[in-house]
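# Sequence and predicted structure below; questions after.
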Amino acid sequence: MISMFAGRRLVIATKHKKEKVLAPVIEKSLGVRSFVDERLDTDSFGTFSGEIERTHDSLATARLKCLKAMELTNCDLAVASEGSFGTHPMIFFGCADEEILVFLDRKNNLEITVQKLSLETNLNGAEITTEKELFTFSKRAQFPSHALIIRRNSHDGKEVIKGITNYETLRASFCYFIKKYGSCYVETDMRAMHNPSRMKVIESAACKLVAKINTQCPKCHIPGFGITSAKKGLPCGNCGLKTKSILSHVYSCQKCFFKKEEFYPDDKKNEEPQFCDFCNP
Ligand SMILES: [Zn+2]
Ligand SMILES: [Zn+2]
């Protein structure tokens, strides 16, 4: 454990109960005393359901949440997370949940960030007109352990029923929209407290974060020594030419700029010819 953090107060910038998974991991690993402040409204930085558009990217948004929470609570240590959802950049089909965690220490002028990508997400949305479709959709969305949202259509922000967690409310909300408009748009509620799948990804991001915080720069011993870039070019096992696979990871220190390059991060010195552009064009 790094003594720089032990015994200090740390504010968790969330209003969606992320402290449930963040606090145990961070407190145990850093020895801090964490807390949340009910006054912090993280929705002002953007909502998944579209009422408030997010104006910054997820890293900048998480950083802003930290700063706002620090200011509100007069605390010099903060952590915040921000999620984004979409199609996976490497895998053609399927959705992914990307969680960014930012840890800010104003006393020591440190910012440590990690990113966690997971395919374990129920992200979905569909126009629905019958109760049978509603039932099929809700099953796929892992309802009722995972909450749902119903609205008039995918872009309507006026009439939105969020955080639906039981069949009674689901059916009543559905009937309301069907009577009024003939159809409705049902989607998964991605807010952390309503989405256990997402909570799990945030928890594993927290583990990644504390591992990074607890890794010190070999030269100046500042916490947060981690991977800052990856170099492609792992040679093909058949022809020896460079492939798009990772050859090495570069670690660098944000304070003294010491760099370390670690080759063959996946314990693989060659790539299979099937991933080679020359052998398998
Ligand atoms: Zn250093
Ligand atoms: Zn090859």
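Good, I have the coordinates. Ligands and ions are numbered 1, 2, ... in the order given.
# Tell me who's in contact with the residue nearest the centre of the chain.
Against the mean C-alpha coordinate of the chain, by CA atoms, centre = their mean, the closest residue is E99 at 1.1 Å. By CB atoms under 8 Å, 6 or more residues apart in numbering, the contact list for E99 reads S81, E82, G83, Q115, K116, S118, R198, V201, I202, A205. Bear in mind the C-beta positions are built from the backbone N, C-alpha and C, glycine included.
# Looking at those residues, spot the one nearest ligand 1.
Closest approach between the contacts of E99 and ligand 1, by CB to the ion: Q115, at 21.5 Å.
# from the contacts of E99, which ones fall inside helices?
Counted as lying in helices by DSSP state H, out of these, are R198, V201, I202, A205.
# Turn the residues you listed into JSON lines, including neighbour count.
Shown next, in JSON lines, are the ones in helices among the contacts of E99 (neighbours: other CB atoms under 10 Å):
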{"residue": "R198", "neighbour count": "29"}
{"residue": "V201", "neighbour count": "24"}
{"residue": "I202", "neighbour count": "24"}
{"residue": "A205", "neighbour count": "24"}
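# Which two among those residues are spaced furthest apart?
Across those, no pair lies farther apart than R198 and A205, at 10.4 Å, counting by CB to CB.
# At the contact with ligand 1, which residues of this protein appear?
C217, K219, C220, C253, K255, C256, F258 (CB under 5 Å from the ion).
# who are the neighbours in contact with whichever residue of the stretch 51-200 of the chain sits closest to ligand 1?
For the stretch 51-200 of the chain, the residue closest to ligand 1 is L110, as judged by CB to the ion, at 11.3 Å. Residues near L110 by CB under 8 Å, 6+ apart: F103, L104, I222, P223, G224, Q254.
# let's see 7 Å
P223, G224 (CB atoms under 7 Å, 6 or more residues apart in numbering).
# pLDDT score for it?
If you check L110, the pLDDT there is 94.
# Repeat that for D43.
For D43, the model assigns a pLDDT of 80.
# isn't it right next to R54, touching?
No - with contacts defined as CB atoms under 7 Å, D43 does not count as touching R54, sitting 10.3 Å away.
# sorry, back to before: buried ones among the residues of the chain next to ligand 1?
C217, C253, K255 (16 or more other CB atoms under 10 Å).
# secondary structure class for the residue nearest to L59 when sequence neighbours are not counted?
In this structure, L59 finds its nearest non-sequential neighbour in I100, 5.4 Å apart by CB to CB, 6 or more residues apart in numbering. What DSSP: H, G, I helix; E, B strand; the rest coil gives for I100 is strand.
# need the contact list for I100.
Taking CB under 7 Å, 6+ apart, one finds S58, L59, A62, S81, E82, T113, Q115 in contact with I100.
# which one of the residues you listed is nearest V160?
E82 (21.1 Å).
# Which residues does that closest one form beta bridges with?
I100 (DSSP bridges).
# oh, and call the first residue 56 from now on, that's how I've got it
I'll keep to 56 as the first residue from here, and by that count the last item is E137.
# what about it, neighbour count?
24 (other CB atoms under 10 Å).
# and it, what does it touch?
S113, T116, A117, I155.
# about what we covered before: dump the ones in helices among the contacts of E154 into JSON lines; add pLDDT as well.
Shown next, in JSON lines, are the ones in helices among the contacts of E154 (pLDDT from 0 to 100):
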{"residue": "R253", "pLDDT": "96"}
{"residue": "V256", "pLDDT": "97"}
{"residue": "I257", "pLDDT": "97"}
{"residue": "A260", "pLDDT": "97"}
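# now the helices: where do they sit in the stretch 106-255 of the chain?
With helices called from DSSP state H, counting those that start in this stretch, the stretch 106-255 of the chain shows them at 113-128, 186-195, 222-236, 251-268.
# Buried residues, the lowest-mean-pLDDT helix or strand in the chain. List them.
For the chain, counting by mean pLDDT, DSSP states H and E, strand 132-142 ranks last in confidence among helices and strands (a mean of 90). For strand 132-142, burial by neighbour count (16+ other CB under 10 Å) applies to L132, A133, V134, A135, S136, E137, G138.
# ditto for stretch 161-170
Applying 16+ other CB under 10 Å to stretch 161-170 flags L165, I167, T168, V169 as buried.
# what's the answer for stretch 265-281, then?
V265, K267, I268, C272, I277, P278, G279, F280, G281.
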